[in-house]
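Peer 1: Quick one: sequence and predicted model below, then my questions.
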Amino acid sequence: MAKPKAATPAKATTAKAKPVLAAQTYNYSATQKSNAIYIYKFFSARGWSRNAIAGMLGNMAVESYILPDITEIGGGGGYGLVQWTPASKLINWCRANGLDYRTMYGQCMRIQYEFTHGIQYYPGWSRMTASQYMKSKMSAFDLAMVFMNNYERPYDTYQPNRGNIANYWYNFLASQEKKTGYQTENGKVYYYDNNGNKISGFRKFGNNIEYYNPTTKVRLQNGYVTTNGNTYFFGSNGAAISGFRWGAANPKTGYRALQYYDTKSHIQFKNKWLTTNGNTYFFDGKGWAEDGFRTGAANAKTGYRALQYFDPKTRVQYKNKWLTTGGKTYFFDAKGWATDGLRWGAANPKTGYRALQYFDPTTRVQYKNKWLTINGNTYFFDGKGWAEDGFRTGGANPQTGYRALQYFDPKTRVQYKNKWLTTGGKTYFFDAKGWATDGLRWGAANPKTGYRALQYFDPTTRVQYKNKWLTINGNTYFFDGKGWAEDGFRTGGANPQTGYRALQYFDPKTRVQYKNKWLTINGKTYFFDGKGWATEGIRWGAANPETGYRALQYFDPTTRVQYKNKWLTINGNTYFFDGKGWAEDGFRTGGANPQTGYRALQYFDPKTRVQYKNKWLTINGKTYFFDGKGWATEGIRWGAANPETGYRALQYFDPTTRVQYKNKWLTINGNTYFFDGKGWAEDGFRTGGANPQTGYRALQYFDPKTRVQYKNKWLTINGKTYFFDGKGWATEGIRWGAANPETGYRALQYFDPTTRVQLKNQEKTIDGKTYYFDNKGWAVDGLITKVINPTTRERTIKYYDPTTRAQVFNQHVTVDGIVYYMNAQGVAVNGLVRMPDGSVEFYEDYHQVTNRTITINGKRYTFDANGRGKLA
């Protein structure tokens, strides 16, 4: 069903002024009524009430006679149904939105836009908002007044005729209430046919189409539909769009997708080319205009598939245009295909020739700063991508480090290779790579030696050397008048050190002058120094491979022959040169030591090579002493005084290795010594390793004169007594010694575990047992009486077990037939005593009373033979 539309607009005219008649008498034309019905259907489909539409028509009748293509009477600049002033408000908006401003549809769309976007309608005269107005059920008269004052806003705010006309149209439109055309229900748009039925599928109106969902009958807005393989897009007004549309972002580039819809069929272009306004586009399978690179059909010239490029912003295909992207350059021809192979371009500004360019047949990227060999010819394309002509300074020559000099034919651009060039009186030779030769070059055979001639070209100018010295890469050559390098011996100027003429030598094969190099020829050895002169006298050479020190050599000043297996004394210093001709350094084993029968060990200073005599040496943690003959000492040696004791130091050197003993024990001839970190034999006290019995560190003592360690021997020093056992360790803790001369028992002694000093005149409890050590340091045994008061004969009596020497507690003891009782304090009791078992005993003068009856404290006790008492 066709969309309602106004009559074909005529050319805009200016309406003549005429009175507005009463609503009930005004005779409206068929055009005005048709327009009013169109307006009603348009706005009712968008949710407007009949009351609101009638109120608007009451104003349109006065403003424009409900004619869209009409200008303001009197030339005020107004135009259209509601007399937009200026008219550009309507015209510009319609054009921007692809609408015809002269049509009912275009002007109704503008009014709808104004009411939904806060434009033109302002709730001033009435507080009713635009959205409230559109749905209002107030009378058509009142709504005409609201529309007039909130939208039209004339000078005269009360014009009742507009309300009367609105009432007319309200009644007139009542017949249109039957649902036909556009209807908006619950925010969704439907279209009813003349029978009042909702349509579905496509609907054509004018040159456009709409689409209604076959199931829900709802008009599609802002969405795609694909049917029968064709895709359409319907805009916010429900109409199918045509022409270009910018859509969602292209996932390949991040740009918004550009689409195109056929202007007649509205079908989206897919897998299809479009050329419009001189611009070419290609739309892919999704219907998106390509951007960036695209590989297309085969290039007819090369058989390669064509490479195309589309502007990422405009999507327009590049034609007859250059592109540089990602550091790569392409040229797209008139077909839009990237060029491949050779291309003659504009003239080369250096030579006047046309530029020659090359594009990779596979990637289409232009060659820049790049070589090309094709059909046996070599070209170089510069930073602009032009083939070089004439001289070119290129990359570094890998043989010399100099930048290569090349030459390209000015006409053909082909590089010179294996070819001579003479220009400006200078001659160049370009090798197989096309590089002007620089540095060394082997030429024809030298007629003197049969060797091939060696030539040299200046690395800067590439000119050949003649009658000239050259030092390059550390090698020295002399080129004769023919430009050939010398070979063999050559006698030069006098040696400034000796007055002799310098002797030089050039390698017959390489032509390099011998420098810092050995030569043995005809059984004679020479060394040529850094100047290339044969050495004479002393020379410091390469490192000795055995020691790492530089070798010291000697050459006869007359013959230049090196000394080998030969002694030399010079300036008071003696050297020995071995079979290699090197002065000895470090250790050397010589003849037998006459004192021990061992072969002598000698040492030569690693720096000076002078033999050590009367001198100490410590190397690799080992110490030696070399005597006046320069032989390493072995065995016992008395040295300087020990700074701690004033005694002379005693040292010892291993008879085999000659290494001095340090931090090391020695037992020799039954005597034991310890040599400290200086290699001196200890004297006096020394604290050693931990005693394995106690965990304490061992205390040792060495005789200050002989340095021999004390073993199984007593020492009293500074009033303190020590005993050193068979290992030479000072005893600690309990020790059983010789028999006590008073008792016949072996003496028990005690040494402090920390100091090792023997305990004397002191009581000591050890492992829960108590001992008393007398002034000899022996643990006492038997009765020990100490008088407390001589007048009263009060005394303290203790008893120590004769076997264990431990003090007795809570126990009877019998000594010489007399019974004593030692209490918990280990002291003999006196008087009446109640025993631990509850019995009573009596001790008189510390002796137990037996077989007697005694009165004690007024009570009589009888004591039996065991000393047990009871009341008589």
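Peer 2: Good, I have the coordinates.
Peer 1: So the residue lying closest to residue 181 once chain neighbours are set aside, which state does it fall into?
Peer 2: Distances taken as C-beta to C-beta, 6 or more residues apart in numbering put residue 41 closest to residue 181, at 4.2 Å, once the chain neighbours are dropped. For every residue, glycine as well, the C-beta is placed using N, CA and C. When classified by DSSP: H, G, I helix; E, B strand; the rest coil, residue 41 comes out as helix.
Peer 1: Residue 41 contacts residue 184, correct?
Peer 2: No: taking C-beta atoms under 8 Å as the definition, residue 41 is not a contact partner of residue 184, at 11.2 Å.
Peer 1: Compare those two (neighbour count), which wins?
Peer 2: Remark: of residue 41 and residue 184, residue 41 carries more neighbours, 21 against 15, as counted by other C-beta atoms under 10 Å.
Peer 1: residue contacts, the more buried one?
Peer 2: 4, 176, 180, 181, 182 (C-beta atoms under 8 Å, 6 or more residues apart in numbering).
Peer 1: export those to JSON lines and tack on secondary structure?
Peer 2: Shown next, in JSON lines, are the contacts of residue 41 (three-state DSSP):
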{"residue": "4", "secondary structure": "coil"}
{"residue": "176", "secondary structure": "helix"}
{"residue": "180", "secondary structure": "coil"}
{"residue": "181", "secondary structure": "strand"}
{"residue": "182", "secondary structure": "strand"}
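Peer 1: Just give me the neighbour total for residue 403.
Peer 2: 16.
Peer 1: That one pairs with what?
Peer 2: residue 396 (DSSP bridges).
Peer 1: Report the separation between it and residue 659.
Peer 2: 64 Å (C-beta to C-beta, to the nearest Å).
Peer 1: what's the answer for residue 597, then?
Peer 2: Per C-beta to C-beta, residue 597 is found 18 Å from residue 659.
Peer 1: Return the closest of the contacts of residue 41 with respect to residue 870.
Peer 2: Using C-beta to C-beta, residue 182 comes nearest to residue 870 of these, at 140.9 Å.
Peer 1: wait, isn't the closest one in contact with residue 188?
Peer 2: No: applying C-beta under 8 Å, one finds residue 182 not in contact with residue 188, separated by 11.1 Å.
Peer 1: and the helix or strand harbouring residue 814, which strands flank it?
Peer 2: Under the criterion of DSSP states H and E, residue 814 resides in strand 811-815. Sheet pairing of strand 811-815 (DSSP bridges) gives strand 818-822 (antiparallel).
Peer 1: picking that back up, show the model's pLDDT score for the residue nearest to residue 181.
Peer 2: According to the prediction, residue 41 has pLDDT 95.
Peer 1: and what of the one 4 residues further on?
Peer 2: According to the model's per-residue confidence, residue 45 sits at a pLDDT of 94.
Peer 1: gap between it and residue 187?
Peer 2: 12 Å.
Peer 1: more neighbours, those two?
Peer 2: Counted by other C-beta under 10 Å, residue 45 and residue 187 do not tie: residue 45 has more neighbours, with 20 against 7.
Peer 1: Hmm, residue 184 and the more buried one touching each other?
Peer 2: Yes: under the contact definition of C-beta under 8 Å, residue 45 touches residue 184, with a separation of 5.4 Å.
Peer 1: Only the buried residues of the strand holding residue 814, if you could.
Peer 2: Buried positions in strand 811-815, judged by neighbour count with 16 or more other C-beta atoms under 10 Å: residue 813.
Peer 1: got it, and stretch 92-105?
Peer 2: 93, 94, 99, 101, 102, 103, 104, 105.
Peer 1: circling back: settle it for me: which of residue 597 and residue 659 has more neighbours?
Peer 2: residue 659 (19 against 8).
Peer 1: Name whatever forms a beta bridge with the nearest residue to the more buried one once chain neighbours are set aside.
Peer 2: Using C-beta to C-beta, 6+ apart and skipping residues adjacent in sequence, the residue nearest residue 659 is residue 622, 4.5 Å away. For residue 622, the beta-bridge partners are residue 619 (DSSP bridges).
Peer 1: how close does residue 622 sit to residue 770?
Peer 2: Taken as C-beta to C-beta, the span from residue 622 to residue 770 is 55 Å.
Peer 1: show me where the stretch 101-250 of the chain has strands.
Peer 2: With strands called from DSSP state E, counting those that start in this stretch, the stretch 101-250 of the chain shows them at 181-185, 188-192, 201-205, 208-212, 223-227, 230-234, 243-249.
Peer 1: Walk me through which strands the longest one pairs with, and which way each runs.
Peer 2: Spelled out, that is strand 243-249. strand 256-261 (antiparallel).
Peer 1: buried residues in the partner strand?
Peer 2: Quick answer for strand 256-261 (16+ other C-beta under 10 Å): 257, 258, 259, 260, 261.
Peer 1: What of stretch 334-349?
Peer 2: Those would be 336, 337, 338, 339, 340, 348, for stretch 334-349 by 16+ other C-beta under 10 Å.
Peer 1: quick one: which of the residues you listed is nearest to residue 34?
Peer 2: residue 336 (52.3 Å).
Peer 1: That closest one reaches residue 317, doesn't it?
Peer 2: Yes: Residue 336 lies in contact with residue 317 (C-beta under 8 Å); the separation is 4.5 Å.
Peer 1: Residues in contact with both of those two, list them for me.
Peer 2: By C-beta under 8 Å, 6+ apart, the residues touching both residue 336 and residue 317 are 280, 308, 309.
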